[in-house]
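Q: here are the coordinates; sequence isn't available:
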C-alpha cells in the first residue's frame with residue numbers, strides 16, 4: 001500500500017470564494033444571533049479545522065478503512081485510533097459550535113459549521129460521522145427533551161463524553177416507518193420498557209466512550225397504526241442508576257459488513273431481550289416522527305456534505321496525479337525521443353477533471369446556499385424572512401442530499417478512471433472513496449424517496465410558494481450575472497430552464513389535484529434529476545458572476561476565476577440542455593417501466 005500523498009481535501013481558495021465572494025457569509029454577523037462573530041472568528045475555526053483534517057485526520061483514513069470494527073465478547077471494538085481522534089474532534093468545538101451559549105455552544109452559523117465539517121468529512125468521513133450523529137441526537141434532546149433529559153443525556157453528549165445515534169429502521173420495514181413494530185410499554189417509575197429490533201444503526205456501539213444514546217422510534221402499546229402512532233424515546237445503551245452506569249438491555253445482534261464507510265460500524269440492535277430496556281419519552285406521544293424529522297433533515301444536509309467531501313478529496317487526488325503522471329505525447333508528435341507529457345495535457349483527461357470540478361464545486365455551492373438559508377430560517381431578522389428561508393430549505397434539502405451523492409459517485413468514478421490501472425488498485429485511495437460514496441445515495445432516504453418527497457410534497461406545498469421563492473432567488477442571480485458581464489446566453493439558458501420546470505410542475509400538480517397521483521409521480525426520479533441540474537446551474541451562474549466581478553477588480557488570480565468561468569460554461573452547455581428531455585419524460589408520463597410486469601423480467 002502506498003503512503004498517502006499530501007491532499008488539500010478541498011481548495012481553500014474555493015472555500016473562501018464560495019463563502020465570501022459568492023454568498024458573503026460575513027453578512028450573517030449582522031443578525032443578532034451571530035453578532036458576537038466576524039469573518040475573523042470564521043477564519044479561526046476554518047484554519048484550526050483545516051489543519052487538524054490535513055495533518056491528523058487524513059492519515060488515519062487508510063488504516064481505518066483497512067481494519068473495520070469487530071464484534072467480540074458482546075461489544076463492538078472500533079479502530080484504536082478513535083480513542084485519540086474523538087476527543088480531539090470534540091476539542092475543535094464542532095459538537096456545540098452552532099448551539100447557544102446556554103448549552104455550552106458558540107452560536108456560529110450553520111453555513112460556517114457545514115464548511116468546516118466538510119474538511120473533516122473529506123479527511124475521514126467515518127471518524128467524523130460519530131460527531132455528526134451525536135450532534136443530531138443531542139440537538140433533538142435540546143429542542144424536545146425535558147430539563148431532566150437534557151441534564152441526563154444531552155449534556156454528556158455535548159461534552160463529548162457519550163455518543164448518540166438515530167434508530168429508525170427495522171428489518172421488516174426498511175424505509176417504511178409506518179411499519180415500525182418496536183413497542184413501548186409504560187412502567188411505574190415513569191420510564192417505558194422498550195422491546196424490538198433496529199438495523200443499520202451507524203455507531204450503535206463502540207468502545208471509546210462510556211455510553212451511546214439511541215434516539216429511537218417506537219409505538220406505545222395501544223397506539224394507532226401508521227406514522228401517527230409513533231413516539232420518540234431516548235434509550236441509552238447503559239442507563240444511569242445509583243451514580244453509575246448499568247446495562248440497559250440493549251444488545252448488538254450483528255455487525256453489517258459494508259463496502260465503504262468502514263471506520264464506523266453499522267449494527268443490528270435488539271432492545272429488551274430480558275425485558276429490562278428502559279426508554280425515556282422525548283416530546284409528545286404520537287409525535288415521534290415529527291420530532292425525528294429535525295434530525296433526519298439535518299442528517300440529509302450532512303450526507304450531502306459527505307457527498308461533496310468524498311468527491312472533492314478524490315478530485316484533488318486526480319488532479320495531482322494527472323499533473324505528475326507522464327504518458328504519451330501531444331497529438332501529431334511521433335518523435336519517440338521527445339519526453340512524455342503529463343496526462344493532464346491530454347484533452348480527454350482534462351474533460352474528466354473538468355466534469356469532476358463542475359460536480360464538486362457546484363455541489364459545494366448548493367450545500368452552502370442551503371445552509372445559508374437554514375441560518376436565515378432560524379435567525380432571520382423578521383418572520384417573513386424566516387418563513388421564506390424555511391420554504392427554500394425544505395425545497396433544497398432533497399436536492400442537496402441527492403445531487404452530491406449521485407453525481408458525486410460519477411465524479412469518484414472519473415477519479416478512478418484518471419488513475420487508469422492504478423485507480424483500480426487498492427494501493428491507491430480513489431477506489432476506497434468510490435466505495436464510500438455509494439452509501440450516500442442510500443442512507444437517510446434513498447434517491448427514490450428524495451424524488452417522491454421533492455415532487456410529491458416540496459414543489460407543490462403551499463400552492464407552489466417554495467418554488468416561487470426559488471424562482472426569485474434565480475432571478476436575483478441572473479440580474480447579478482448580467483450586471484457582471486456574464487455571457488447573456490448562459491443567463492438566457494437558465495431562465496429558459498426555470499420556465500420549463502415551472503410549467504412541468506404546474507402540469508404535474510394539476511394531475512395530483514385531479515387524483516392521478518401515480519401519473520404525477522411516475523417520473524419523480526427524473527424530476528429530481530431535472531431540478532438538480534437546474535439548481536446547480538443556478539449555483540454555477542452565481543459563481544460565474546462572482547468570477548467576473550473578481551476579474552474586474554483585478555489583483556487576484558486570473559487563473560482561478562477563468563477556471564470558474566470554464567466550469568460554468570461546461571455545466572450550462574453540457575448539463576442544462578438535458579432539462580427539456582427530462583421535462584418531456586415527466587410531462588408525458590412515459591410508461592415503459594410502469595407497464596413492465598414482474599414476470600417479464
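A: Cool, the structure landed. Keep in mind that this is a model prediction, so the values were computed, not measured. Residues are numbered from 1 along each chain as shown.

Q: helices or strands next to the strand ranked longest in the chain in the packing?
A: Counting residues, the longest strand found in the chain (DSSP state E) is strand 192-202. Where contact means 3 or more Cβ pairs under 8 Å, 6 or more residues apart in numbering; DSSP states H and E, strand 192-202 is packed against strand 163-167, strand 183-186, strand 212-220, strand 230-236, strand 266-271, strand 278-282. Bear in mind the C-beta positions are built from the backbone N, C-alpha and C, glycine included.

Q: between strand 163-167 and that strand, find me the angle.
A: 100 degrees (axes from the mean of the first three to the mean of the last three Cα atoms, to 10 degrees).

Q: sheet partners, orientation included, of strand 192-202?
A: Its sheet considered, strand 192-202 pairs with strand 183-186 (antiparallel), strand 266-271 (antiparallel), strand 278-282 (antiparallel) by DSSP bridges.

Q: so what's the residue count around the closest residue in space to residue 78 that isn't next to it in sequence?
A: Residue nearest to residue 78 in three dimensions, not counting chain neighbours: residue 69, with 4.4 Å by Cβ to Cβ, 6 or more residues apart in numbering. Applying other Cβ atoms under 10 Å, we find 24 other residues in the vicinity of residue 69.

Q: quick one on the thing from earlier: mind checking which of the helices and strands packed on strand 192-202 is nearest residue 145?
A: Of all the helices and strands packed on strand 192-202, strand 278-282 sits nearest to residue 145, with 5.5 Å by Cβ to Cβ.

Q: that closest one to strand 212-220, inter-axis angle?
A: For strand 278-282 against strand 212-220, the angle by the same axes, to 10 degrees is 80 degrees.

Q: quick one: average pLDDT of strand 278-282?
A: Mean pLDDT, strand 278-282: 98.

Q: please name every helix or strand in contact with the next helix-or-strand element following that strand.
A: Sequence order places helix 288-324 as the next helix or strand after strand 278-282, per DSSP states H and E. The contact analysis (3+ Cβ pairs under 8 Å, 6+ apart) places helix 288-324 against helix 110-144, strand 163-167, strand 212-220, strand 230-236, helix 347-379, helix 383-418, helix 430-439.

Q: closest to residue 138 out of the helices and strands packed on strand 192-202?
A: Of the helices and strands packed on strand 192-202, nearest to residue 138 by Cβ to Cβ is strand 163-167, at 6.0 Å.

Q: now the angle from the closest one to helix 288-324?
A: Calculated by the same axes, to 10 degrees, strand 163-167 forms an angle of 110 degrees with helix 288-324.

Q: residues in contact with strand 163-167?
A: 86, 130, 133-138, 157, 198, 201-204, 206, 209, 211-217, 235, 269, 292, 295-296, 299 (Cβ atoms under 8 Å, 6 or more residues apart in numbering).

Q: got the angle for it vs helix 110-144?
A: Strand 163-167 runs at 80 degrees relative to helix 110-144, counting by the same axes, to 10 degrees.

Q: run me through the strand neighbours of strand 163-167, direction for each.
A: With DSSP bridges as the test, strand 163-167 is paired with strand 212-220 (parallel).

Q: gap between the strand it pairs with and the chain center?
A: Strand 212-220 sits 23 Å away from the centroid of its parent chain (Cα atoms, centre = their mean, to the nearest Å).

Q: quick check: mean pLDDT of it?
A: Taken as a whole, strand 212-220 carries a mean pLDDT of 97.

Q: closest one to residue 601 among the strands paired with strand 192-202?
A: Nearest to residue 601 among the strands paired with strand 192-202 is strand 266-271 (29.3 Å), distances taken as Cβ to Cβ.

Q: quick one, the closest one and helix 430-439 angle?
A: 40 degrees.

Q: strand 266-271 versus strand 230-236: what angle between them?
A: 100 degrees.

Q: quick one: average confidence on strand 266-271?
A: Averaging pLDDT along strand 266-271 gives 97.

Q: now the residue nearest to residue 78: how far from residue 199?
A: As judged by Cβ to Cβ, to the nearest Å, residue 69 and residue 199 stand 16 Å apart.

Q: domain map for this protein?
A: Annotated domains of the chain cover 12-156, 163-285, 446-589 [automatic domain parsing].

Q: can you add distance to residue 423 and give those back as CSV?
A: Formatted as CSV, the domains of the chain follow (distance: least, Cβ to Cβ, whole Å):
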stretch, distance to residue 423
domain 12-156, 15
domain 163-285, 16
domain 446-589, 22
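
Q: quick one, which of these gets closest to residue 343.
A: Judging the domains of the chain by Cβ to Cβ, what sits closest to residue 343 is domain 446-589, at 18.2 Å.

Q: compute the first-to-last residue distance for that closest one.
A: 22 Å (Cα to Cα, to the nearest Å).

Q: and it, how far out from the chain middle?
A: 19 Å.

Q: with stretch 224-241 instead?
A: 25 Å.

Q: same question for that stretch, mean pLDDT?
A: pLDDT averaged over stretch 224-241 gives 93.

Q: for that stretch, measure first residue to last.
A: 33 Å.

Q: do you know which of the domains of the chain lies nearest residue 387?
A: Of all the domains of the chain, domain 446-589 sits nearest to residue 387, with 9.0 Å by Cβ to Cβ.

Q: what's around residue 54, how many residues?
A: 17.

Q: thought it was touching residue 5?
A: No. Using Cβ atoms under 8 Å, residue 54 is not in contact with residue 5, being 11.7 Å away.

Q: just to revisit the earlier point, what's the closest of the domains of the chain to residue 368?
A: Judged by Cβ to Cβ, the one of those that comes nearest to residue 368 is domain 12-156, at 5.5 Å.

Q: wait, residue 364 sits on residue 19?
A: No. In this structure, residue 364 is not within contact of residue 19 by Cβ under 8 Å, at 10.2 Å.

Q: tell me which of the two has more neighbours.
A: Using other Cβ under 10 Å as the criterion, residue 364 and residue 19 rank with residue 364 on top: 28 against 21.

Q: quick one on the thing from earlier: which parts of the longest strand of the chain are buried?
A: 192-202 (16 or more other Cβ atoms under 10 Å).

Q: and for stretch 272-279?
A: For stretch 272-279, the neighbour count (16+ other Cβ under 10 Å) marks 272, 277-279 as buried.

Q: rounded mean pLDDT for the helix or strand hosting residue 148, please.
A: Of the helices and strands defined by DSSP H and E, residue 148 is found in helix 147-149. Mean pLDDT, helix 147-149: 97.

Q: other residues contacting the helix or strand just after it?
A: Downstream of helix 147-149, the first helix or strand assigned by DSSP H and E is helix 155-158. With contacts defined as Cβ under 8 Å, 6+ apart, helix 155-158 is touched by 95-96, 99, 103-105, 134, 137-138, 141, 162-164, 211, 213.

Q: quick revisit: of all the strands paired with strand 192-202, which lies closest to residue 36?
A: For residue 36, the closest of the strands paired with strand 192-202 is strand 278-282, at 30.2 Å, according to Cβ to Cβ.
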